[in-house]
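S.K.: Quick one: sequence plus predicted model below, questions after.
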Amino acid sequence: MKGCRAQEMRAALHTAFEAEIRDQMRALTAIVNKAPDARTFLDDVVAGLSQTPKRLPSKYFYDERGSRLFDEICTLEEYYLTRTELTIMQQFAEEIAEALGQGNMLVEYGSGSSLKTRILLDRLQCTVAYVPVDISGEHLEQTAGRLAKAYPHIEILPVCADFTTEFELPRSKCTPSQNLAYFPGSTIGNFKPKDARRLLQRIASVCGSGGGLLIGIDLQKAIQTIEAAYNDRNGVTMAFNRNLLHRINRELDADFRVDAFEHRAIYNEELGRVETYLISDRHQTVTVDGATFRFEVGEAICTEYSHKYTIDGFHAIAATAGFSLERAWSDDQELFAVLHFRLPAIRLNTHKQIDGSTRED
Ligand code: TRP
């Protein structure tokens, strides 16, 4: 009798364990991997350090540790962006859901931990498929596994890719009525206006006719508020910025003395952007895979821009990619805005078919 119960329990545990593994495997096997390889990383770093002034591309911030540090930044008191965007999403969830419509294939650019997405997935009852696109494979795998469990009725189709390059949308088993790009976190601000335009054009081609775009942008405001957000007193942003050098040392056979580079973020009011730097505190040379780079005392490597917009200013940029602004939601203090754009639905004119009847495409 006793043995029998133990056997039953073992069997039940086994089934639960198997289901868990299956869930995780589903998320694992579904990932389409198009992340930049080590060669591209090296070429980008060498090209950036060869420029005057020196630059490092910010997309390489997000290795596993970088993604974790970024999640921590999002919880900082000074970093008003994430919590404000979340508040807007929560406060206007009903309206947003209604504006976005039903039957969406939701494609998220730079999904990270997909925290804000949960609000959409909870409210947008008719999201048929969710495609998180992220450059960090490890992070994506974990997030996709968790989402697959929490939303068993939604097809989760993760794509590991640098979203500034061409990637193919995975096929959904369902037939979405339209594609909806979701681009939260003011990540679009990390592109210079010219590159933002180009990226929005790419997004437009992924969205297709009648597709939508829900995007978070950080608004222009008092310089002190902005600078505090990128120079937190606990030094998390400094650790995040310097982690890029750790990653280069580890993955590209480089010898940066990480603590000899100071973190600094300043708001350039004229260009409406935060500029984040790592500044050499001494005269030094660094080698990266055999190539040598010289640094003067006080010489800076620019690691990131973060543009701050007005709603009108951003609308003008999105319009160049064919998007028209449907709605804008903001918080009481107008720190941040969530904008909903739509592409025109291309309806071909009614035309004559061979048999002489007419048909609408
Ligand atoms: N998209 C974020 C932003 O522009 C990224 C970010 C936050 C960031 N803090 C940073 C990038 C510090 C570099 C350094 O707000």
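M.R.: Done, it's in.
S.K.: what's the nearest residue to the residue nearest the centre of the chain if we skip its chain neighbours?
M.R.: Centre of the chain computed as the mean C-alpha position; nearest residue by C-alpha atoms, centre = their mean is residue 110, 1.8 Å away. Leaving aside its sequence neighbours, residue 110 sits nearest to residue 187 (C-beta to C-beta, 6 or more residues apart in numbering; 4.9 Å). (C-beta placed from N, C-alpha, C; glycine too.)
S.K.: now do residue 185
M.R.: residue 216 (5.7 Å).
S.K.: isn't the one you found right next to residue 189, touching?
M.R.: No - contact criterion C-beta atoms under 8 Å: residue 216 and residue 189 do not qualify, at 9.1 Å.
S.K.: Any buried residues in stretch 153-164, and which?
M.R.: For stretch 153-164, the neighbour count (16 or more other C-beta atoms under 10 Å) marks 154, 155, 156, 157, 158, 159, 160, 161, 162, 163 as buried.
S.K.: Which pair of those residues spans the longest distance?
M.R.: Distance extremes for those: the farthest pair is 154 and 162 at 24.7 Å, using C-beta to C-beta.
S.K.: Tell me, please, where in this structure the pLDDT is lower than the cut-off.
M.R.: 1-30, 125, 347-361 (pLDDT under 70).
S.K.: care to break it down by domain?
M.R.: Domain segmentation of the chain under automatic domain parsing yields 32-223+309-342, 235-307.
S.K.: Near the ligand, which residues of the stretch 151-300 of the chain? Just list them.
M.R.: Within reach of the ligand by C-beta under 6 Å from any ligand atom, the stretch 151-300 of the chain has these residues: 185, 186, 187, 189, 190, 230, 237, 240, 241, 276.
S.K.: Dump those residues into CSV; add neighbour count and secondary structure as well.
M.R.: Formatted as CSV, these follow (neighbours: other C-beta atoms under 10 Å; DSSP: H, G, I helix; E, B strand; the rest coil):
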residue, neighbour count, secondary structure
185, 23, coil
186, 22, coil
187, 19, helix
189, 23, helix
190, 21, helix
230, 21, coil
237, 23, helix
240, 24, helix
241, 27, helix
276, 24, strand
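S.K.: closest to residue 84 among the residues you listed?
M.R.: Within these, proximity to residue 84 (C-beta to C-beta) peaks at residue 186, which comes in at 10.0 Å.
S.K.: tell me the phi and psi of the closest residue in space to the closest one that isn't next to it in sequence?
M.R.: The shortest distance from residue 186 to any non-neighbouring residue, by C-beta to C-beta, 6+ apart, is to residue 218 (4.1 Å). With angles defined as degrees, to the nearest 10, residue 218 sits at phi -90, psi 130.
S.K.: neighbours around residue 218, how many?
M.R.: Using other C-beta atoms under 10 Å, residue 218 has 25 other residues around it.
S.K.: Also the one 3 residues further on?
M.R.: Here the neighbour count serves as a burial measure; for residue 221 (other C-beta under 10 Å) it reads 16.
S.K.: Isn't it up against residue 336?
M.R.: No - Residue 221 lies out of contact with residue 336 (C-beta under 8 Å); the separation is 9.4 Å.
S.K.: And the residue in the stretch 51-200 of the chain that the ligand sits nearest to, how close does it get to residue 259?
M.R.: The ligand sits closest to residue 187 of the stretch 51-200 of the chain, with a gap of 4.7 Å, by C-beta to the nearest ligand atom. Here residue 187 is placed at a distance of 29 Å from residue 259 (C-beta to C-beta, to the nearest Å).
S.K.: sorry, back to before: ok, the residue nearest to residue 186 - contacts?
M.R.: Counting by C-beta atoms under 8 Å, 6 or more residues apart in numbering, residue 218 makes contact with 81, 186, 189, 306, 308, 309, 335, 336.
S.K.: Bridge partners for the closest residue to the third one other than its chain neighbours, pull those for me.
M.R.: Right, residue 189. Nearest residue to residue 189 in three dimensions, chain neighbours excluded: residue 307, at 4.2 Å (C-beta to C-beta, 6+ apart). Beta bridges link residue 307 to residue 273, judged by DSSP bridges.
S.K.: in which helix or strand would I find residue 203?
M.R.: helix 193-207 (DSSP states H and E).
S.K.: For that helix, enumerate the helices and strands it packs against.
M.R.: In this structure, helix 193-207 makes packing contacts with strand 104-109, strand 178-183, strand 212-218, helix 311-319, judged by 3 or more C-beta pairs under 8 Å, 6 or more residues apart in numbering; DSSP states H and E.
S.K.: Now do the third one against strand 178-183: the angle between them, please.
M.R.: Read that as strand 212-218. Relative orientation of strand 212-218 versus strand 178-183 (axes from the mean of the first three to the mean of the last three C-alpha atoms, to 10 degrees): 10 degrees.
S.K.: Could I get the buried residue list for strand 212-218?
M.R.: Neighbour-count burial for strand 212-218 flags 212, 213, 214, 215, 216, 217, 218 (criterion: 16+ other C-beta under 10 Å).
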